[in-house]
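# Quick one: sequence plus predicted model below, questions after.
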There are 2 protein chains.
Amino acid sequence: MDENCSCTLTDSEIERIKNDLPGDEELYYLAELFRIFGDPTRVKILYSLFDMELCVCDIATLCDISQSSASHHLRTLRANKLVKFRRNGKTIFYSLADDHVRSIMGQGMEHVEE
Amino acid sequence: MDENCSCTLTDSEIERIKNDLPGDEELYYLAELFRIFGDPTRVKILYSLFDMELCVCDIATLCDISQSSASHHLRTLRANKLVKFRRNGKTIFYSLADDHVRSIMGQGMEHVEE
DNA sequence: CAATCATATGATTAAGTGTTCATATGTTCA
DNA sequence: TGAACATATGAACACTTAATCATATGATTG
């Protein structure tokens, strides 16, 4: 049982499938993307931004979190290009980066709602 | 700055938007779903199952992980209904639970590939 | 039934993560 | 320029989590 079972696939089949898998780096980035979505506070933030831009303070109020917590999470979301922002005086407005974000949220919600 | 900033939204607007957000329980489950995808080993397992069923041993070999690690992850994936399984004698074959899983993986990959 | 194969589980440990508190940065306005 | 506001950042701590090792379960075969 140590390395190869005798269940089904031959070594050459294993090798072929292995080559078809996305590379480790690609998988790493994909996992990282999903990890960002994998926190209740962050998905809440993302939902609050679903169809409007909001300043940090309003996001914090809407999501029942501290300003600091909101800012930390927004930093994470920004670093992973899930949100973008623009400055207007003292205020910084955040919004979803693109429609992929909405799609991913939607697909996830569909799966959860079953 | 403690609770309400004077940026943009009024209290009543805040209240209205807040009511439109998904409930905390829903957000929790959604985040949990994404958290499962948020591990490189697990996405690799999911990709190995993208278009075929595989036994635990082959999954472990394909993903360069131990049998124990594979089993633990498959347990997690199973608990969250991302994979299903069937027994055939000693062997247990795993496969993706449904097309939502493929969709989510696909959407994520699109976002990563930009 | 005993041995073997395939998989599952429990405990332990090291690494990662979110929140909080305190403080810093940057902008506006008087 | 100084005060007030909006946001960002750093450090500390509690909590979670993935990998590993050892062992258990469950099924087949002789």
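Arrived safely.
# Walking through chain A, point out its strands one by one.
In chain A, the strands defined using DSSP state E lie at A:54-55, A:83-88, A:91-96.
# partners of the second one, with directions?
I take that to be strand A:83-88. strand A:91-96 (antiparallel) (DSSP bridges).
# Adding distance to B:Glu26, mean pLDDT and mean neighbour count, write the strands of chain A out as a markdown table.
C-betas here are computed from N, CA, C, even on glycine. Formatted as a markdown table, these follow (distance: least, Cβ to Cβ, whole Å; pLDDT from 0 to 100; neighbours: other Cβ atoms under 10 Å in any protein chain shown):
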| stretch | distance to B:Glu26 | mean pLDDT | mean neighbour count |
| --- | --- | --- | --- |
| strand A:54-55 | 20 | 96 | 22 |
| strand A:83-88 | 21 | 96 | 14 |
| strand A:91-96 | 19 | 97 | 18 |
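# Nearest to DNA strand C, out of the ones you listed?
strand A:83-88 (6.5 Å; Cβ to the nearest atom of the strand).
# who in chain A is up against DNA strand D?
With Cβ under 7 Å from any atom of the strand as the criterion, chain A meets DNA strand D at residues A:55-57, A:67-68, A:71-72, A:74-75, A:85, A:90-93.
# can you put these in JSON lines and add distance to B:Leu46?
Listed next are those as JSON lines, based on distance: Cβ to Cβ, whole Å:
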{"residue": "A:Cys55", "distance to B:Leu46": "37"}
{"residue": "A:Val56", "distance to B:Leu46": "35"}
{"residue": "A:Cys57", "distance to B:Leu46": "39"}
{"residue": "A:Gln67", "distance to B:Leu46": "37"}
{"residue": "A:Ser68", "distance to B:Leu46": "35"}
{"residue": "A:Ser71", "distance to B:Leu46": "33"}
{"residue": "A:His72", "distance to B:Leu46": "29"}
{"residue": "A:Leu74", "distance to B:Leu46": "29"}
{"residue": "A:Arg75", "distance to B:Leu46": "28"}
{"residue": "A:Phe85", "distance to B:Leu46": "32"}
{"residue": "A:Lys90", "distance to B:Leu46": "44"}
{"residue": "A:Thr91", "distance to B:Leu46": "41"}
{"residue": "A:Ile92", "distance to B:Leu46": "36"}
{"residue": "A:Phe93", "distance to B:Leu46": "36"}
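# what ranges of chain A fall below the confidence cut-off?
A:1-3 (pLDDT under 70).
# Can you get me a residue count around A:Gly23?
Neighbour count of A:Gly23, defined by other Cβ atoms under 10 Å in any protein chain shown: 8.
# how close does it sit to A:Leu33?
Distance, A:Gly23 to A:Leu33, using Cβ to Cβ, to the nearest Å: 15 Å.
# before we move on, what about A:Ser68?
From A:Ser68 across to A:Leu33, the span is 24 Å (Cβ to Cβ).
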